[in-house]
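In: build me a structure from this.
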Amino acid sequence: MSKSPGIVYCRCAYAQVVADEVKDGVIKGLCASGRSFDAVSDLCEMSARKDPRLGAIARQDNVRIAACHPRAVKWLFHAAGVPLDDARTEIVNMREENAATATAKLLEDDDC
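Out: Residues are numbered from 1 along each chain as shown. The predicted structure follows:
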């Protein structure tokens with residue numbers, strides 16, 4: 001049986017590039033699911049400050065990150081000095097997915 005992935009939800013508080021209805025829908029769906037997840041205010045800000053929590057996220061064996069474009073998220077981690085491993089990480093693009101689809105992708109139980 002595979003381990004459920006860790007989930008990281010980015011509120012994208014400062015960039016404001018993800019629609020509020022998507023961000024709100026995803027966070028409500030995650031809360032309603034009963035699954036544990038980490039919510040961060042803004043990965044962009046964390047990257048700029050080289051927040052050590054990014055390293056903890058990057059070292060997880062199986063993680064899904066709800067944020068914006070995957071290439072942007074990967075570069076944020078790279079810029080902070082803690083590149084993501086594509087084999088252990090899946091990025092769910094809340095800029096392109098609706099809330100229901102993004103939430104379903106985050107909650108899938110198979111490995112990344």
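In: and the residue nearest the centre of the chain?
Out: Within the chain, the residue whose C-alpha comes closest to the C-alpha centroid is residue 65; the distance, by C-alpha atoms, centre = their mean, is 1.9 Å.
In: list the contacts of the helix or strand hosting that residue.
Out: Taking DSSP states H and E as the definition, residue 65 sits inside strand 63-67. For strand 63-67, contacts defined as C-beta atoms under 8 Å, 6 or more residues apart in numbering pick out 5-10, 12, 18, 26, 43, 57, 73, 88-94, 102, 105-106, 112. Bear in mind the C-beta positions are built from the backbone N, C-alpha and C, glycine included.
In: for this structure, just list every one of the strands.
Out: Per DSSP state E, the chain carries strands over the ranges 6-10, 38-40, 63-67, 89-93.
In: how many other residues sit next to residue 14?
Out: Each residue near residue 14 was counted by other C-beta atoms under 10 Å, and the total is 12.
In: now it, nearest residue through space, not along the chain?
Out: The shortest distance from residue 14 to any residue other than its chain neighbours is 4.8 Å, reached at residue 42 (C-beta to C-beta, 6 or more residues apart in numbering).
In: can you count the residues close to that neighbour?
Out: For residue 42, the number of neighbouring residues by other C-beta under 10 Å comes to 17.
In: for the one 4 residues further on, same thing?
Out: Burial measure for residue 46: 19 neighbouring residues, criterion other C-beta under 10 Å.
In: okay, the nearest residue to it once chain neighbours are set aside and residue 92: tell me how far apart.
Out: Closest residue to residue 46 in three dimensions, ignoring its sequence neighbours and counting by C-beta to C-beta, 6+ apart: residue 54, at 5.6 Å. With distances defined as C-beta to C-beta, to the nearest Å, the gap from residue 54 to residue 92 amounts to 17 Å.
In: understood, closing this out.
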